[in-house]
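> All I have is the shape, not the residue letters:
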């Protein structure tokens, strides 16, 4: 039994996690109070009580402070743990909605600020495309293993990219409308639209 238990992170890993968290919290505080354009590496470092070189070492691109977190490895693990016979789209729905629900519960203000900046700041929106590609690679590996394909299989890549791209667009839609709607319901609707074969019927 002990061999199957996840190893506790080392002291070094725990310190790195705390440092990353401190940098993120400081960045969100500054962005909320003063606007993203005024948030410099030096100001982040001072607010997080670390050196500027530490900020750059953990986040070489400033926008990554907003857009990356430790949820990607967890989503990959959750995806691998889904029931073997479950449709891949339903598996992705479950793990992504779970991750978004956790973010809204744990960091509601940060999640809403990040969505607003995605709409307002071109650099954040552009970097989001790159970080989404990284997430897609992780999830594609898990989907490939579950379906007996390879991670670079065209259908696996297109499937994963299409789902994540659609969910990203739903998040932008949420942000553009003032973040008042239920984001989870919007994401759920988005997956339903994909599952329906991307037909667009005329409303009565």
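It's in. Values in this document were obtained by computation on a predicted structure and should not be read as measured data.
> what about this protein, any weak spots by pLDDT?
Applying pLDDT under 70 to the chain flags residues 1-9, 198-204.
> One more pass at 90, please.
When residues are selected by pLDDT under 90, those of the chain lie in 1-17, 66-74, 84-85, 107, 125-135, 151-152, 180, 196-204.
> Break this protein down into its domains, please.
With automatic domain parsing as the criterion, the domains of the chain are listed as 2-60, 66-195.
> Would you tell me what helix or strand residue 98 is located in?
helix 88-106 (DSSP states H and E).
> er, residue 142 actually
helix 122-147.
> And the helix or strand following that helix, what does it pack against?
Once helix 122-147 ends, the next helix or strand along the chain (criterion: DSSP H and E) is helix 154-176. Helices and strands in packing contact with helix 154-176 are listed as helix 88-106, helix 108-120, helix 122-147, helix 183-195; criterion 3 or more Cβ pairs under 8 Å, 6 or more residues apart in numbering; DSSP states H and E. Any C-beta I mention is one placed from the backbone N, CA and C, and that applies to glycine too.
> Turn these into a markdown table, including distance to residue 23.
Rendered in a markdown table, the data for these read as follows (distance: least, Cβ to Cβ, whole Å):
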| stretch | distance to residue 23 |
| --- | --- |
| helix 88-106 | 17 |
| helix 108-120 | 13 |
| helix 122-147 | 16 |
| helix 183-195 | 25 |
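> Minimum distance to residue 58: which of those helices has it?
The minimum distance between residue 58 and the helices and strands packed on helix 154-176 falls on helix 122-147, with 14.6 Å, by Cβ to Cβ.
> Show me which positions of that closest one end up buried.
Neighbour counts over helix 122-147 (16 or more other Cβ atoms under 10 Å) mark 124-125, 127-128, 131-132, 135-144, 146 as buried.
> Stretch 170-180 now?
Buried-residue list, stretch 170-180, by 16+ other Cβ under 10 Å: 170, 171, 174, 175, 179.
> Now do the SS call for residue 180.
For residue 180, the assignment made with DSSP: H, G, I helix; E, B strand; the rest coil gives coil.
> wouldn't residue 64 be in contact with residue 128 here?
No. With the criterion set as Cβ atoms under 8 Å, residue 64 and residue 128 do not qualify as a contacting pair; they are 10.1 Å apart.
> Would you mind finding the most buried of the domains of the chain?
Relative to the other members of these, domain 66-195 carries the highest mean neighbour count by mean count of other Cβ atoms under 10 Å, namely a mean of 16.
> on that earlier part again, for the helix holding residue 98, give me every contacting residue.
With Cβ atoms under 8 Å, 6 or more residues apart in numbering as the test, helix 88-106 has contacts from 71, 74-75, 78-79, 82, 110-111, 139, 143, 146-147, 159-160, 163-164, 167, 183-184, 187-188, 191, 194-195.
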